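Student: Sequence first, predicted coordinates after that:
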Amino acid sequence: MIKSDADLDVNLESIARFYRVIARLRREIAPLNYRNYEVMAAGPIEQIRRLRQEIDEYLGIQELASRQAEPSATVGAD
């Protein structure tokens, strides 16, 4: 759970590391055995999803997206 901007930075750095792991797996494993690449990348992918969810919650992304999706009460009012 993110409680501060410092925690946010840790999550962002972790996401970057997980993406680098996946990139290395794609380079080294996927050409030899794509199925192994899929299996080995599953863990880092799940961690990225979890970390992104924590970031979205901390930043209030879902609330912002919900507000932006609602039609404005002033649109079309003359």
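Tutor: Received, thanks.
Student: all contacts plus neighbour counts: C-alpha atoms, from now on.
Tutor: Will do.
Student: Give the helix, strand or coil label for the spatially most central residue of the chain.
Tutor: With the centre of the chain defined as its mean C-alpha position, the nearest residue by CA atoms, centre = their mean is residue 52, 3.3 Å away. Recorded secondary structure, residue 52: helix (DSSP: H, G, I helix; E, B strand; the rest coil).
Student: Let me know the pLDDT of it.
Tutor: Residue 52 carries a pLDDT value of 97.
Student: and it, what does it touch?
Tutor: Shown in contact with residue 52 (CA atoms under 8 Å, 6 or more residues apart in numbering): 11, 15.
Student: That one and residue 68, how far apart?
Tutor: 20 Å (CA to CA, to the nearest Å).
Student: Name the residues of the helix or strand bottoming out on mean pLDDT in the chain that are buried.
Tutor: Sorting the helices and strands of the chain by mean pLDDT, DSSP states H and E puts helix 61-69 at the bottom, at a mean of 86. By 16 or more other CA atoms under 10 Å, helix 61-69 has no buried positions at all.
Student: same question, stretch 16-35
Tutor: 18-19, 21-22, 25-26, 29-30.
Student: Determine how far that stretch lies from the middle of the whole chain.
Tutor: The chain centroid and the centroid of stretch 16-35 are separated by 18 Å under CA atoms, centre = their mean, to the nearest Å.
Student: out of the buried residues of stretch 16-35, which are inside helices?
Tutor: Using DSSP state H, the members of these that fall within helices are 18-19, 21-22, 25-26.
Student: got any ranges where the chain has weak pLDDT?
Tutor: Of all residues in the chain, those with pLDDT under 70 make up the ranges 72-78.
Student: Find the nearest non-adjacent residue to residue 41, please.
Tutor: Leaving out its chain neighbours, the residue that sits closest to residue 41 by CA to CA, 6 or more residues apart in numbering is residue 22, at 5.8 Å.
Student: I am finished for the moment; much appreciated.
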